[in-house]
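*Asks:* Next one to model:
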Amino acid sequence: MQGMLADRRLEICFAKVSTQSQLPANPARISSRHQALFPAGVVAAEMRGPGDPSMLYPGEAEHLGRAVPKRIQEFSAGRLCARLAMAAFGIVDFALRVAPDRQPVWPVSVVGSISHTAGLCVAVVAEKTRFSAIGVDCEVAGHVGADLWATICTPREALWVDSLPEPERPSAAALIFSAKEAFYKCQYPLTGEWLDFHDLDIEPMAWGSLAAGLLVQETRPLAATEFTGNPAIGQYLFHDGFVTTGFAVGASARAIGAAPT
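*Replies:* Below you'll find the predicted structure:
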């Protein structure tokens, strides 16, 4: 109940901000289930469906260039989710620009991450005084084709996927893909290091559960280890035909997960 009341207060706060800014109401919503992937202090917002580019700030819209409509809608949804999450920390009317390496340029006081897939966009934001980095990724469960598994999975992961009943294998591959993407997004702002799929080995801690922890083991020395530890601990959630994963690094500690599930 406390979480629901907090979510409602955030939505009311942003509704006031939108009115003051003379913009249409933000269709993004605070997401308690995605917040549960992270320790307390992280705010998550989600949106179903395409984003409206007319709601972008000029400093955001200038990055669209000649993007195709699908990319424009995804970019817009991501910015609107991030806008709602930032408002929880009193950050309003902030144009979330794009850096030369294509990463979002967050306000100096926060860290954040954005992910979008077909039909869902999620953004997470936290104060930099509490977190060094956070990473989120969402995927359609089962939409990672078998032709990609060898590219995504290490030999150990491939053995695990093959050991599962056939109907479970596509969801397992999607979880592996999502976890590697979320971990990459979390570590990149700290290290600037590009990773290959085979640099990481994913192990769900309770396969068969809709929500549980997961371990990320490096397969070669990585700069991220200084911040995340090895293995790093994250969380995953299967919901509504999607799988979402999250990682967080504390401001003065290694990777920290949400409360045990």
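*Asks:* Could you check how far stretch 156-170 is from the centre of its chain?
*Replies:* How far stretch 156-170 lies from its chain's middle: 24 Å, per Cα atoms, centre = their mean, to the nearest Å.
*Asks:* Going by neighbour count, which residues of the helix or strand where residue 247 lies are buried?
*Replies:* Using DSSP states H and E, residue 247 maps to strand 242-250. Along strand 242-250, the positions that meet the burial threshold by neighbour count (16 or more other Cβ atoms under 10 Å) are 242, 243, 244, 245, 246, 247, 248, 249. For glycine as for every other residue, the C-beta is placed from the backbone atoms N, C-alpha and C.
*Asks:* Quickly note the distance from the second one to residue 237.
*Replies:* Distance, residue 243 to residue 237, using Cβ to Cβ, to the nearest Å: 7 Å.
*Asks:* Ok, the fourth one next?
*Replies:* In this structure, residue 245 and residue 237 are 8 Å apart, going by Cβ to Cβ.
*Asks:* which residues are common contacts for the two?
*Replies:* The overlap between the contact sets of residue 245 and residue 237 (Cβ atoms under 8 Å, 6 or more residues apart in numbering) consists of residue 37.
*Asks:* circling back: and the furthest pair within the buried residues of strand 242-250?
*Replies:* Farthest-apart pair in the buried residues of strand 242-250 is 242 and 249; separation 23.9 Å (Cβ to Cβ).
*Asks:* that older thread, would you mind putting the buried residues of strand 242-250 into TSV with pLDDT alongside?
*Replies:* What follows is these, written out as TSV (pLDDT from 0 to 100):
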residue	pLDDT
242	97
243	98
244	98
245	98
246	98
247	97
248	97
249	96
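*Asks:* I'd guess residue 168 is in a strand, am I close?
*Replies:* No: with DSSP: H, G, I helix; E, B strand; the rest coil as the criterion, residue 168 is helix rather than part of a strand.
*Asks:* mind listing the helices in this protein by residue range?
*Replies:* With DSSP state H as the criterion, the chain has helices at 2-21, 32-35, 58-61, 69-87, 149-152, 155-163, 169-191, 225-228.
*Asks:* Please list all residues in contact with residue 116.
*Replies:* Applying Cβ under 8 Å, 6+ apart, we find residue 116 in contact with 74, 77, 78, 122, 138.
*Asks:* Output the below-cut-off pLDDT ranges for the chain.
*Replies:* Counting by pLDDT under 70, the ranges of the chain that qualify are 1-23, 253-261.
*Asks:* Pop the domain breakdown of it in here.
*Replies:* 2-129, 137-250 (automatic domain parsing).
*Asks:* now the end-to-end length of the shortest one.
*Replies:* Yep, that's domain 137-250 we're talking about. Start-to-end span of domain 137-250 (Cα to Cα, to the nearest Å) is 19 Å.
*Asks:* and that domain, how far out from the chain's middle?
*Replies:* Going by Cα atoms, centre = their mean, the spacing between the C-alpha centre of domain 137-250 and its chain's C-alpha centre is 12 Å.
*Asks:* Please tell me how far residue 246 sits from residue 217.
*Replies:* Between residue 246 and residue 217 the distance is 18 Å, computed by Cβ to Cβ.
*Asks:* If you could redo that for residue 58, that was the one I meant.
*Replies:* Taking Cβ to Cβ as the criterion, residue 58 is separated from residue 217 by 44 Å.
*Asks:* Over to residue 199?
*Replies:* As defined by Cβ to Cβ, residue 199 lies at a distance of 10 Å from residue 217.
*Asks:* Who has more neighbours out of these two?
*Replies:* Comparing residue 199 with residue 217 by neighbour count (other Cβ atoms under 10 Å), the higher total belongs to residue 199, at 19 against 13.
*Asks:* what separates the more buried one from residue 187, distance-wise?
*Replies:* Distance of residue 199 to residue 187, given as Cβ to Cβ: 10 Å.
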